[in-house]
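A.B. asks: what's the 3D shape of this:
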Amino acid sequence: MPTNPYLNVLVIAALTVIFIIASSYGLGALARLIIKLRGGTPKVQENTFAGYFFAAPWIVGFLIFVLIPLGFSLYWSFTDYRIASSAPVNWVGLENYTTLILKDTSFRASLINTLYLTVIGLPLQIGVALFLAVLLNQKMWGEKLFRMAFYLPVILGFNTAVLLCWRLMLNTGTGIINQIIRALSAAFPPFGYLNRAFIFAQEVVAAVFLGLNTGKYNLLTKVIEAGFPTEVRVPLWVQSPLWTKMSVVMLMVWGCGTMMLIFLAGLNSIPKELHESAEVDGATGWQRFWKISFPLLTPYLFYNLVVGLIASLQIFEPIFVLYRDNQPIVSSTISMVYYLWQKTFSHFEIGYGSAISWLVLVIIMIVTVIQFKLQDRWVTYDVY
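C.D. replies: Numbering: from 1, shown residues only. Below you'll find the predicted structure:
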């Protein structure tokens, strides 16, 4: 191999191209041979060769980067494989899974934290997305500009730069979010009471979930004894274990642009004559939405619920960027996937991390199957 790094890159790129061409030709030739043995005509053989030749890069990539790693991961989940250890891979059977389910309190805490993000964050995310979709469905000046603005967080995504900006904005003392809350509370006293009520309710709920993690409810007792927050209280977004999960929920709601667009497409697909007929009959706007729009939006709601639930059960980036360096409170917001990363890439426990990944997969599959089984009870696919 050349010592020049630029030549290394060129050589690797050339070898990659050669491998893609060779694997594509080999897969196409194999498919053509199979068709020939099955008695296919020369034309069918050539069409089969061409089809598999052009599909081979994806097929080979799927085999190398998905199926083979899946196989290794499944095998490692039954072993005590530690990448930093020189000891050979030791087969332990179901020990990793039994430890996770019955003994690992940290995994139980990550499961409860993920449950909080799912139960609290996902409904808020879907609700805000539906609210924005209804607003943007109104014909008004600059609606395309508003659609772009609300979809922009999806384009930006949960990359490090954006999340670091959020970390600055969520700072208790100098963050712009708390500064806005203070200004509104001073200018409009009812907003201040509403903010204090929100702080109290959020801290009680968070203390309950933290108590489920440890089995002790001392923090809940302290929150209740402290009573209603004072006028100067603001949310401690990234400084308190009572607020770490809520800050992640805020980021989930901020990134609801994809759900909003799906709801918007659903609203545009509803026949206008249904609303016109209801309006002639004297139905109010709320009645038209609840009796016509919402039932016909249930397929789109079901899709957002399935996809959103899978995403919330796999949430990782916001927690990693916001709290990785803040060890005293990271345990209050650690999710299942963050715990997976911690065990696999921080502690180098490949076998245990693989078991976590497969357990997360099983949880997601079970929840998704339940959703599909229950959809007939509330999802409406018929327009008339």
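A.B. asks: how about the lowest-mean-pLDDT helix or strand in the chain: buried residues?
C.D. replies: Lowest on mean pLDDT, DSSP states H and E among the helices and strands of the chain sits helix 327-330, with a mean of 76. Residues of helix 327-330 classed as buried under the neighbour-count rule (16 or more other C-beta atoms under 10 Å) are 329-330. Any C-beta I mention is one placed from the backbone N, CA and C, and that applies to glycine too.
A.B. asks: show me what it is packed against.
C.D. replies: With contacts defined as 3 or more C-beta pairs under 8 Å, 6 or more residues apart in numbering; DSSP states H and E, helix 327-330 has these neighbours: helix 317-323.
A.B. asks: how far does the helix it packs on sit from the chain's center?
C.D. replies: Relative to the centre of its chain, helix 317-323 is centred 13 Å away, using C-alpha atoms, centre = their mean, to the nearest Å.
A.B. asks: contacts for it next, please.
C.D. replies: The contact list for helix 317-323, computed with C-beta atoms under 8 Å, 6 or more residues apart in numbering, reads 158-160, 163-164, 166-167, 170, 238, 244, 247-248, 251-252, 329-330, 333-335, 338, 341.
A.B. asks: if we go to 10 Å?
C.D. replies: Identification of contacts with helix 317-323 by C-beta atoms under 10 Å, 6 or more residues apart in numbering yields 110, 113, 117, 157-164, 166-167, 170, 237-238, 241, 244-245, 247-252, 254-255, 329-335, 337-339, 341-342.
A.B. asks: and it, C-alpha only, in PDB?
C.D. replies: The C-alpha coordinates for helix 317-323 follow below in PDB (Å, rounded to 0.1, in the frame of the first residue of the first chain):
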ATOM      1  CA  GLU A 317     -28.600  12.300  19.500                       C
ATOM      2  CA  PRO A 318     -30.200  15.000  21.800                       C
ATOM      3  CA  ILE A 319     -29.300  13.100  24.900                       C
ATOM      4  CA  PHE A 320     -25.700  12.400  23.700                       C
ATOM      5  CA  VAL A 321     -25.000  16.000  22.800                       C
ATOM      6  CA  LEU A 322     -26.800  17.800  25.600                       C
ATOM      7  CA  TYR A 323     -25.900  15.600  28.600                       C
END
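A.B. asks: tell me the domain ranges of the chain?
C.D. replies: The chain breaks down by automatic domain parsing into domains covering 5-76, 101-172+236-377.
A.B. asks: pick the most buried one from these.
C.D. replies: domain 101-172+236-377 (a mean of 17; mean count of other C-beta atoms under 10 Å).
A.B. asks: got a pLDDT number for the residue nearest to residue 154 when sequence neighbours are not counted?
C.D. replies: In space, residue 154 comes closest to residue 257 once its chain neighbours are excluded; the distance is 3.9 Å by C-beta to C-beta, 6 or more residues apart in numbering. For residue 257, the model assigns a pLDDT of 90.
A.B. asks: got any ranges where the stretch 251-384 of the chain has weak pLDDT?
C.D. replies: 383-384 (pLDDT under 70).
A.B. asks: measure residue 128 to residue 38 for me?
C.D. replies: Distance from residue 128 to residue 38, counting by C-beta to C-beta, to the nearest Å: 55 Å.
A.B. asks: quick one on the thing from earlier: among the domains of the chain, which is nearest residue 83?
C.D. replies: domain 101-172+236-377 (4.5 Å; C-beta to C-beta).
A.B. asks: dump the domains of the chain to CSV, plus distance to residue 204.
C.D. replies: Output for the domains of the chain, formatted as CSV (distance: least, C-beta to C-beta, whole Å):
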stretch, distance to residue 204
domain 5-76, 40
domain 101-172+236-377, 9
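A.B. asks: nearest to residue 196, of those?
C.D. replies: Nearest of the domains of the chain to residue 196, taken as C-beta to C-beta: domain 101-172+236-377 at 13.5 Å.
A.B. asks: got the contact list for residue 230?
C.D. replies: Contacts of residue 230 (C-beta under 10 Å, 6+ apart): 196, 199.
A.B. asks: quick one, phi psi at it?
C.D. replies: With angles defined as degrees, to the nearest 10, residue 230 sits at phi -80, psi 170.
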